[in-house]
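S.K.: Provided below are the primary sequence and the corresponding predicted coordinates.
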Amino acid sequence: MAKRPTKLQMLQKAGPATKTGPAMESICEDFLSYLRGECHLAANTISAYGRDMNRFVAWLEKRPLSKLKVKDLGRFIESLQEEGLAPASVARNIVAVRTFFKYLQLEGVVTENPAELLATQKMWQRVPGVLTRRQIDQFLSAPRKSDRFWQRDIAMLEVLYATGCRASEVCNLRTRDLSLEERHLRCEGKGGKQRMVPIGSQAIAAINRYLEELRGELAEKNPHPVETLFLSRGGRALDRVQLWRLVKHYARKAGIDDTISPHSLRHSFATHLLAGGADLRQVQEMLGHASIQTTQIYTHVEHSRLKKVHQQYHPRA
């Protein structure tokens, strides 16, 4: 008697997944049997999972399962929202896809599980607003020479966006943390963890101008030496409240919604990196996230803005 081929062999023979492909139909049927026999899910739940899998397989079209990445699955979730599915239905689809990929791992069909990184609907709803690139340009151009400490303020805002650092991390930066020739700086994150963060040429130029033209003058107003990079008018370390107020001030000056905060620049930093094709793990490292699940909430934001970015910047959009 001929030995029945494994699911992996069936998919390899069938090639890319299609809606009507026998390999995918068999895989989905076996998956529902697995939910029924081993997971002991209720009949209504299994029926709902079946509908979710039909939708997922239809979306797959010619995409090979083994080559799917978390960004691809993020596009699938975005397509559900574009269809007008209720948040509860989208959340159930996410759970269905996660469970399906765990099953595929157990069966040896895939070796990696990109669905582990899929954000839940609840996490997506917590993502605050992200500035467009045009708004970023307006915001970073808001400090003018008529502002009293414009050199410091430009440098501070440039660092916030160029590095994605938290407000507290920027406030705690010391002059010895700068390695501008090597184009990076050292910051101390949550739990005292230090990391090296790359920094771009515009932020470097702004920092150098601040150091040459203003910081020494501010430092002289404090009788006690201060290593902190960004100083207040009295020569003391700039604190988070002052930083927050300055961000609000320049947002209003740039004509941008003043509900933004220093953290909005951090969110914009991550979103724009992903939109440009950055790897999720690299963004995680730059943000200083302990868990990649915190970083992957930006995969949804990035995809939701790709169309707008394309329409705004592509010459043939």
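M.R.: All right, it came through fine.

S.K.: can we go C-alpha only for contacts and neighbour counts from here?
M.R.: Fine.

S.K.: Helices along the stretch 201-317 of the chain, start to end?
M.R.: In the stretch 201-317 of the chain, the helices defined using DSSP state H, counting those that start in this stretch lie at 201-210, 216-219, 240-253, 262-275, 280-287, 292-295, 297-313.

S.K.: Show me which residues of the first one are buried.
M.R.: I take that to be helix 201-210. Using 16 or more other CA atoms under 10 Å as the burial criterion, the residues of helix 201-210 that qualify are 203-204, 206-207, 209-210.

S.K.: just checking, what packs against it?
M.R.: Helix 201-210 sits against helix 150-163, with contacts defined as 3 or more CA pairs under 8 Å, 6 or more residues apart in numbering; DSSP states H and E.

S.K.: downstream neighbour of the helix it packs on in the secondary structure list?
M.R.: The helix or strand immediately downstream of helix 150-163 is helix 167-171, counting by DSSP states H and E.

S.K.: Off-centre distance for that next one?
M.R.: Using CA atoms, centre = their mean, to the nearest Å, the distance from the centre of helix 167-171 to the centre of the chain it belongs to is 20 Å.

S.K.: Kindly report the same for stretch 217-237.
M.R.: Its chain's C-alpha centre and that of stretch 217-237 lie 35 Å apart, by CA atoms, centre = their mean.

S.K.: List the buried residues of it.
M.R.: By neighbour count, with 16+ other CA under 10 Å as the criterion, the buried positions of stretch 217-237 are 218-219, 226-233, 235-237.

S.K.: Which of the helices of the stretch 201-317 of the chain sits closest to Ala91?
M.R.: Among these, the nearest to Ala91 by CA to CA is helix 297-313 (13.3 Å).

S.K.: quick one: which of the buried residues of helix 201-210 is nearest to Ala278?
M.R.: Where the buried residues of helix 201-210 are concerned, and distances follow CA to CA, Ala278 has its nearest neighbour in Ala203, at 19.8 Å.

S.K.: The closest one reaches Asp153, doesn't it?
M.R.: No - contact status for Ala203 versus Asp153: not in contact, 11.4 Å apart, counting by CA atoms under 8 Å.

S.K.: Tell me which two of the buried residues of stretch 217-237 sit farthest apart.
M.R.: Looking at these by CA to CA, the two members farthest from one another are Glu227 and Arg233, with 15.1 Å of separation.

S.K.: what comes into contact with stretch 276-290?
M.R.: The set of residues external to stretch 276-290 that reach it, using CA atoms under 8 Å, 6 or more residues apart in numbering, is 163-165, 189, 195-198, 270, 273-274, 291-292, 295-296.

S.K.: can we see that at 7 Å?
M.R.: The set of residues external to stretch 276-290 that reach it, using CA atoms under 7 Å, 6 or more residues apart in numbering, is 164-165, 189, 197, 270, 292, 295.

S.K.: show me what contacts Val110?
M.R.: Residues in contact with Val110, defined by CA under 7 Å, 6+ apart, are 66, 104.

S.K.: Show the low-confidence segments of the chain, by residue range.
M.R.: Counting by pLDDT under 70, the ranges of the chain that qualify are 1-22, 117, 119-129, 258, 299-317.

S.K.: Okay, buried residues for the one helix or strand Gln105 maps to please.
M.R.: Taking DSSP H and E as the criterion, Gln105 maps to helix 87-106. Under the neighbour-count criterion of 16+ other CA under 10 Å, helix 87-106 has 89-104 buried.

S.K.: from the middle of its chain, how far away would that helix be?
M.R.: Helix 87-106 has its average C-alpha position 21 Å from the chain's average C-alpha position, going by CA atoms, centre = their mean.
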